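Colleague: Have a look at this prediction, sequence included:
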Amino acid sequence: MEPYTTNPFPSPAPFPTGRREMILCCLAAVLGLAMANSILMGGFSLGFALTAVGSILASGWYLSVHREGNGYTRAILLLCLIIACGFGYSADSFVKFVLFLFLLTGVNLAFCQTAGQNRRNPGQFNSLFDAPRALLVLGVGQIGPAFRGIAAFFRNGSETSRRTGAILAGLAIALPVLGILIPLLMFADAAFEGLMDLLPDFNIGELIYTGFLGLILCPVLYTRTVALRHVPRENTPLKPHRGMHLFTVNTLLFSVCGLYLVYCFSQIAYFSGGFLGILPDGYSTAEYARRGFFEMAWLCAINLTIIGTAHYLVSCRGPVPRSTKIACLFIGLVTLFFVSASCAKMMLYISVYGLTRLRVLTMAVIAFLGIATVTICLWLFLPRLKYMKALVLIALVIGAAILWMDVDATVARYNVNAYLSGTLESVDMAHLCGLGDSALPHIARLTDCPDPLVARQAKDELAHRFIARPDLRSWNYMTHRAFSLAEGLRRTR
């Protein structure tokens with residue numbers, strides 16, 4: 001019997017590696033380590049903004065050999081660059097984290113389509129799944145072939161190249177080992193700790209954490225981009241869904257339509273009050289505006305899901321009949337009614353009680369749901385409309401607007417202006433003082449307020465608000481502005 005010598009799981013061939021790949025590798029190493037350090041030590045601020053812009057431009061340069069990019073992908077990348085720059089402007093940590101997810105999705109989606117690696121129609125909802133595929137399947141999953149290509153580049157070059165590659169490989173292995181050994185030796189021996197203290201001042205913990213996170217970011221930044229160019233494109237179509245019988249889907253749709261028809265007739269007087277500013281008997285403004293608002297927002301999202309799912313299940317078995325389209329259109333119109341009523345109720349609430357972070361962010365979500373509903377209703381009767389392209393761009397535009405307006409600064413500006421102009425009878429100082437540093441310049445305007453209680457609270461907030469001096473990594477314009485104000489007040493006291 002012949003010995004079994006064939007490897008049942010052969011390793012993928014290394015990626016072709018030349019000067020262009022080596023330049024990208026160096027850029028990925030520098031940008032990845034700088035991004036890791038900026039995130040760990042400064043959060044999502046100027047340091048992250050600079051490295052994010054750099055990584056987008058580096059990947060775009062490498063993939064510029066492809067001619068499959070179009071206006072849609074270029075618009076996504078432009079919006080992603082605007083969002084990335086916004087991290088150096090806004091001080092809103094929560095919004096910046098959400099926009100980081102937007103940025104990650106948008107960049108990977110655009111580069112995947114630029115390289116022709118998308119497996120789904122960009123105009124459909126499931127095209128969003130190409131973004132995690134680019135990051136995980138092509139990025140993390142292709143680290144082996146990408147770095148074997150780098151090893152082959154050094155191994156097949158001159159003697160100097162081979163020695164350089166061997167030194168770099170040794171350093172790559174030594175750095176994490178040293179990162180573990182040095183702290184252990186410092187804790188174990190006071191003499192060695194004293195020796196380390198003689199070195200220039202640096203944080204060994206920061207160096208270690210940066211190295212570990214950099215070991216994750218650097219390979220992924222490089223491999224994702226190289227794999228988009230060199231991995232063979234999968235031309236095998238995805239297995240189509242079997243769909244669902246037309247009568248089953250229509251029964252569901254018309255049941256939902258019947259429920260909404262009865263509901264709208266029963267609530268028309270209640271909802272119309274929101275548009276006219278008239279409160280139902282027994283309701284205060286706050287009770288009327290809050291009652292059912294978030295439930296309406298959830299209903300809008302559920303309705304869009306029902307429309308999209310129903311249309312998809314029927315289209316899997318052939319052309320979508322007019323009856324299904326009409327039922328979906330009715331649900332879409334009801335959704336628009338819910339969106340309009342929710343907006344009217346929220347505007348009524350804001351006119352009496354002012355803005356809060358939650359109200360601003362909720363209005364942004366409601367606005368997106370309304371635009372999405374109109375787009376999908378048009379798509380029902382204009383099947384060539386690439387609705388998903390429009391929704392991706394709209395989401396990025398709204399996200400960029402929210403980031404650059406800085407929610408805390410917007411809330412404080414509106415409430416202070418409305419209070420000083422007499423539009424609001426009172427101002428919630430507890431809420432204003434609970435906002436981020438970007439609200440401080442607007443709180444300072446209340447120190448000369450005619451109401452002595454409000455003026456004293458504003459002065460106390462300015463006197464006791466501590467703002468640390470930001471370095472390059474944690475710097476953003478709104479925090480810098482608040483820091484300058486606080487420093488100026490301290491010098492005048």
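Modeller: Looks like it arrived, so ask away. In this text, all values refer to a predicted model and were calculated from it rather than measured experimentally.
Colleague: Find the helix or strand that the nearest residue to Ala146 once chain neighbours are set aside is a member of.
Modeller: Nearest residue to Ala146 in three dimensions, chain neighbours excluded: Thr223, at 4.2 Å (CB to CB, 6 or more residues apart in numbering). C-beta: built from backbone N, CA, C; applies to glycine. Assessed by DSSP states H and E, Thr223 sits inside helix 204-230.
Colleague: now for that helix, which elements pack on it?
Modeller: Judged by 3 or more CB pairs under 8 Å, 6 or more residues apart in numbering; DSSP states H and E, the packing partners of helix 204-230 are helix 19-42, helix 46-62, helix 93-114, helix 143-155, helix 159-188.
Colleague: Give me the distance between it and the centre of its chain.
Modeller: 20 Å (CA atoms, centre = their mean, to the nearest Å).
Colleague: Could you check the angle it makes with helix 19-42?
Modeller: 140 degrees (axes from the mean of the first three to the mean of the last three CA atoms, to 10 degrees).
Colleague: nearest to Ala463, of the helices and strands packed on helix 204-230?
Modeller: Smallest distance to Ala463 across the helices and strands packed on helix 204-230 (CB to CB): 24.1 Å, for helix 93-114.
Colleague: Could you report the neighbour count for Ser45?
Modeller: 27 (other CB atoms under 10 Å).
Colleague: my read: it touches Met478, true?
Modeller: No. With contact defined as CB atoms under 8 Å, Ser45 does not count as touching Met478 (10.1 Å).
Colleague: Now do the helices in the stretch 351-493 of the chain.
Modeller: Using DSSP state H, counting those that start in this stretch, the helices of the stretch 351-493 of the chain run over residues 357-381, 387-405, 407-421, 429-433, 440-444, 452-464, 477-492.
Colleague: Serialize those to JSON lines and add fields for distance to Phe338.
Modeller: Shown next, in JSON lines, are the helices of the stretch 351-493 of the chain (distance: least, CB to CB, whole Å):
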{"stretch": "helix 357-381", "distance to Phe338": "9"}
{"stretch": "helix 387-405", "distance to Phe338": "18"}
{"stretch": "helix 407-421", "distance to Phe338": "24"}
{"stretch": "helix 429-433", "distance to Phe338": "28"}
{"stretch": "helix 440-444", "distance to Phe338": "33"}
{"stretch": "helix 452-464", "distance to Phe338": "38"}
{"stretch": "helix 477-492", "distance to Phe338": "34"}
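Colleague: hey, which of the ones you listed is tucked in deepest?
Modeller: When these are scored by mean count of other CB atoms under 10 Å, the highest mean neighbour count falls to helix 440-444 (a mean of 22).
Colleague: so what's Leu380 up against?
Modeller: Ile307, His311, Lys325, Cys328, Leu329, Gly332 (CB atoms under 8 Å, 6 or more residues apart in numbering).
Colleague: go with 6 Å
Modeller: If you count contacts by CB atoms under 6 Å, 6 or more residues apart in numbering, Leu380 has them with Lys325, Cys328, Leu329.
Colleague: Who wins on neighbours among these?
Modeller: Cys328 (27 neighbours).
Colleague: which SSE is it in?
Modeller: helix 322-353.
Colleague: Can you give me the buried ones in that helix?
Modeller: Using 16 or more other CB atoms under 10 Å as the test for burial, helix 322-353 gives 324-325, 327-332, 334-339, 341-346, 348-350, 353.
Colleague: if we can go back for a sec, tell me which of the helices and strands packed on helix 204-230 sits nearest to His442.
Modeller: Of the helices and strands packed on helix 204-230, nearest to His442 by CB to CB is helix 93-114, at 17.7 Å.
Colleague: Output the closest one as CSV, restricted to C-alpha atoms.
Modeller: Extracted C-alpha coordinates of helix 93-114, given in CSV (Å, rounded to 0.1, in the frame of the first residue of the first chain):
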residue,chain,number,x,y,z
SER,A,93,-18.3,59.8,22.7
PHE,A,94,-21.5,57.8,22.1
VAL,A,95,-22.2,59.3,18.7
LYS,A,96,-18.6,58.8,17.7
PHE,A,97,-18.8,55.1,18.6
VAL,A,98,-22.0,54.6,16.6
LEU,A,99,-20.4,56.5,13.7
PHE,A,100,-17.3,54.3,14.0
LEU,A,101,-19.5,51.4,13.1
PHE,A,102,-21.0,53.4,10.2
LEU,A,103,-17.4,54.2,9.1
LEU,A,104,-16.3,50.5,9.3
THR,A,105,-19.4,49.4,7.3
GLY,A,106,-19.1,52.1,4.6
VAL,A,107,-15.4,51.7,4.0
ASN,A,108,-15.5,47.9,3.6
LEU,A,109,-18.6,48.1,1.5
ALA,A,110,-17.1,50.6,-0.9
PHE,A,111,-13.8,48.9,-1.2
CYS,A,112,-15.5,45.5,-1.7
GLN,A,113,-17.5,46.9,-4.6
THR,A,114,-14.5,48.8,-6.0
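Colleague: and Asp471, what are its phi and psi?
Modeller: When read as degrees, to the nearest 10, the backbone of Asp471 gives phi -90, psi -170.
Colleague: Contacts only, for Arg224.
Modeller: Taking CB under 6 Å, 6+ apart, one finds Leu138, Gly139 in contact with Arg224.
Colleague: pLDDT below threshold where in the stretch 251-400 of the chain?
Modeller: For the stretch 251-400 of the chain, the stretches flagged by pLDDT under 70 are 266-294.
Colleague: quick one on the thing from earlier: could you dump the helices and strands packed on helix 204-230 to CSV with mean pLDDT, distance to Gly214 and mean neighbour count?
Modeller: Shown next, in CSV, are the helices and strands packed on helix 204-230 (pLDDT from 0 to 100; distance: least, CB to CB, whole Å; neighbours: other CB atoms under 10 Å):
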stretch, mean pLDDT, distance to Gly214, mean neighbour count
helix 19-42, 89, 4, 19
helix 46-62, 94, 11, 21
helix 93-114, 93, 18, 21
helix 143-155, 83, 14, 18
helix 159-188, 70, 9, 12
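Colleague: For Pro237, give me the pLDDT.
Modeller: Confidence at Pro237, expressed as pLDDT, is 57.
Colleague: tell me the secondary structure for Arg233?
Modeller: Under DSSP: H, G, I helix; E, B strand; the rest coil, Arg233 falls in the coil class.
Colleague: residue contacts, it?
Modeller: Gly116.
Colleague: same thing but at 7 Å, please
Modeller: Gly116, Gln117 (CB atoms under 7 Å, 6 or more residues apart in numbering).
Colleague: The closest residue to Thr210 other than its chain neighbours and Arg233: what is the separation?
Modeller: Sequence neighbours aside, Asn37 is the residue nearest to Thr210 in space, at 4.4 Å (criterion: CB to CB, 6+ apart). Per CB to CB, to the nearest Å, Asn37 is found 36 Å from Arg233.
Colleague: now Ala146
Modeller: 17 Å.
Colleague: ok, now Cys218?
Modeller: 26 Å.
Colleague: in the helix holding Thr223, what counts as buried?
Modeller: 208-211, 213-215, 217-230.
Colleague: hmm, back to that, and the helix holding Cys328, what does it pack against?
Modeller: helix 246-276, helix 285-290, helix 293-315, helix 357-381 (3 or more CB pairs under 7 Å, 6 or more residues apart in numbering; DSSP states H and E).
Colleague: Any idea which of the ones you listed gets closest to Gly488?
Modeller: Checked against CB to CB, the stretch from the helices and strands packed on helix 322-353 lying closest is helix 357-381, at 26.7 Å.
Colleague: mind checking how far that closest one is from the chain centre?
Modeller: For helix 357-381, the distance to the chain centre is 17 Å (CA atoms, centre = their mean).
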